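Enquirer: okay, structure incoming, though there's no sequence with it:
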């Protein structure tokens with residue numbers, strides 16, 4: 001998927017205050033699978049992004065100490081499609097019990113019930129937008145001219161995407177077989193929907209050291225509160241959902257449990273200037289897995305990640321610089337045998353590449 005960003009920094013005011021503005025996309029998940037593939041109950045298609053517009057200010061308190069803060073407007077967009085397993089919906093199981101039909105439906109339904117083709121109904125969330133605000137703060141210390149230390153905190157954000165949904169209920173079981181007993185849906189149920197989850201908090205400790213004018217090393221250690229992501233929650237509301245005789249209202253909530261774990265991210269880079277105009281860099285890193293075996297599946301393939309990268313830049317003129325870099329992530333092969341309902345069991349492999357070009361201009 002193509003992504004872009006832009007950053008603007010204004011000249012220092014009285015050599016103490018610096019103002020900046022950024023537009024960037026730190027979170028994104030564009031995915032597409034075979035609509036009838038084995039992963040359809042987790043995901044068929046998704047495009048979920050959270051873009052940030054951040055205004056920041058940095059103040060030099062002392063020759064060796066600076067502080068900064070930023071406020072971000074978070075704009076999200078989401079669309080997704082999957083097969084919704086009605087065997088996992090508690091409200092549906094409770095409604096059938098009112099008809100005297102004993103069943104094991106619900107979030108802990110056994111596999112042979114959950115995978116009944118009749119109960120797997122296509123659901124789509126379309127054109128959902130989220131609006132939120134968050135902030136970040138940081139401090140930089142320069143104990144010596146060559147050494148810089150920095151500590152930053154990025155607050156999380158609650159994402160609440162609002163859009164429209166559609167569920168294909170065109171099966172005799174839902175539209176006519178039990179109509180006399182009060183269960184009768186329209187072939188296509190439509191209405192309003194929300195998708196909710198949290199973006200995690202992050203705290204980062206960074207350092208850099210300039211050996212000389214040509215060699216520099218830098219790196220960071222980051223702790224990410226992914227444990228705040230306990231589920232992806234989809235809530236649908238429509239009068240077409242209501243089945244009064246079964247006690248089913250016009251609102252239906254479906255949760256995809258995640259129960260993620262906090263992670264650590266360690267990364268180090270070496271930068272070399274062979275000439276005054278050229279810059280070369282190389283990066284190595286590691287990021288621990290957020291998904292436990294219990295909830296790992298196609299909707300969040302994950303594992304312990306190894307990170308690598310190379311980059312380069314050239315100052316075309318005193319005002320214009322061109323840069324390019326490539327970053328790679330790969331998870332160590334992960335065999336899962338204890339995922340809930342057997343839906344996520346198997347061997348996971350994942351490789352991600354990011355190729356980027358940058359233009360830097362001084363006005």
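Expert: Cool, got the structure. Small disclaimer: the values here were computed from a predicted structure and weren't measured.
Enquirer: and the closest residue to residue 305 other than its chain neighbours, what is it in contact with?
Expert: Nearest non-adjacent residue to residue 305, counting by Cβ to Cβ, 6 or more residues apart in numbering: residue 287, 4.3 Å away. The C-beta positions use only the backbone N, C-alpha and C, and glycine is treated the same way. Contacts for residue 287 (Cβ atoms under 8 Å, 6 or more residues apart in numbering) come out as 263, 264, 265, 266, 304, 305, 307, 329.
Enquirer: nearest to residue 77 among the residues you listed?
Expert: Comparing those against residue 77 with Cβ to Cβ places residue 329 closest, at 23.5 Å.
Enquirer: follow-up on the earlier one: give me the beta-bridge partners of the residue nearest to residue 305?
Expert: residue 265, residue 305 (DSSP bridges).
Enquirer: just the pLDDT for it.
Expert: pLDDT, residue 287: 97.
Enquirer: could you do residue 102 as well?
Expert: 67.
Enquirer: residue 293 too?
Expert: Confidence score, pLDDT, at residue 293: 92.
Enquirer: and it, its phi and psi?
Expert: phi -60, psi -30 (degrees, to the nearest 10).
Enquirer: next up, the contacts around it.
Expert: 336, 337, 338, 339.
Enquirer: where along the stretch 1-150 of the chain do the helices fall?
Expert: Ranges of helices in the stretch 1-150 of the chain, per DSSP state H, counting those that start in this stretch, are 90-97, 111-114.
Enquirer: want to throw the contacts of residue 293 into TSV with secondary structure?
Expert: Shown next, in TSV, are those (DSSP: H, G, I helix; E, B strand; the rest coil):
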residue	secondary structure
336	strand
337	coil
338	coil
339	coil
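Enquirer: spell out for me the PyMOL command that would select the buried members of these.
Expert: In PyMOL, this line selects whichever of those come out buried by 16 or more other Cβ atoms under 10 Å:
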select buried, resi 336+339
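Enquirer: ok, which pair from the contacts of residue 293 is furthest apart?
Expert: 337 and 339 (7.7 Å).
Enquirer: number of nearby residues for residue 165?
Expert: Neighbour count of residue 165, defined by other Cβ atoms under 10 Å: 25.
Enquirer: local confidence estimate at it?
Expert: Reported pLDDT for residue 165: 95.
Enquirer: nearest spatial neighbour of it, skipping sequence neighbours?
Expert: Residue 165 sits nearest to residue 193 (Cβ to Cβ, 6+ apart), 3.6 Å away.
Enquirer: beta partners for that neighbour?
Expert: If you apply DSSP bridges, the partners that residue 193 bridges to are residue 163, residue 236.
Enquirer: for the chain, longest strand please?
Expert: Longest strand of the chain, by residue count under DSSP state E: strand 120-144.
Enquirer: parallel or antiparallel, list what pairs with that one.
Expert: By DSSP bridges, strand 120-144 pairs with strand 65-85 (antiparallel), strand 147-154 (antiparallel), strand 157-168 (antiparallel).
Enquirer: now stretch 21-41: buried residues?
Expert: Buried residues in stretch 21-41 (16+ other Cβ under 10 Å): 22, 26, 31, 33, 39, 40, 41.
Enquirer: can you tell me which of these is nearest residue 91?
Expert: Closest to residue 91, out of all of these and judged by Cβ to Cβ, is residue 41, at 18.2 Å.
Enquirer: still on that earlier bit, my guess is the residue nearest to residue 165 contacts residue 251. True?
Expert: No: using Cβ atoms under 8 Å, residue 193 makes no contact with residue 251, being 10.3 Å away.
Enquirer: and for these two, which residues touch both?
Expert: In contact with both residue 193 and residue 251: 235, 236, 237, using Cβ under 8 Å, 6+ apart.
Enquirer: so which of these is the most crowded?
Expert: residue 236 (24 neighbours).
Enquirer: nearest to residue 78, of the contacts of residue 293?
Expert: Closest approach between the contacts of residue 293 and residue 78, by Cβ to Cβ: residue 339, at 24.3 Å.
Enquirer: just confirm the closest one contacts residue 296, I think it does.
Expert: Yes: using Cβ under 8 Å, residue 339 makes contact with residue 296 at a distance of 5.9 Å.
Enquirer: quick one, what contacts residue 44?
Expert: 32, 33, 34, 35, 37, 81, 82, 83, 122.
Enquirer: go again using 6 Å as the cut-off
Expert: 33, 35, 81, 82 (Cβ atoms under 6 Å, 6 or more residues apart in numbering).
Enquirer: and the first one, how far from residue 317?
Expert: Residue 33 sits 47 Å away from residue 317 when distances are taken as Cβ to Cβ, to the nearest Å.
Enquirer: same question for residue 274.
Expert: Here the distance between residue 274 and residue 317 works out to 19 Å (Cβ to Cβ).
Enquirer: for the protein, name the helix or strand with the lowest mean pLDDT.
Expert: Comparing helices and strands within the chain by mean pLDDT, DSSP states H and E singles out helix 111-114 as the least confident, with a mean of 60.
Enquirer: leaving out the residues flanking it, which one is nearest to residue 339?
Expert: Spatial nearest neighbour of residue 339, excluding adjacent residues (Cβ to Cβ, 6+ apart): residue 345 at 4.9 Å.
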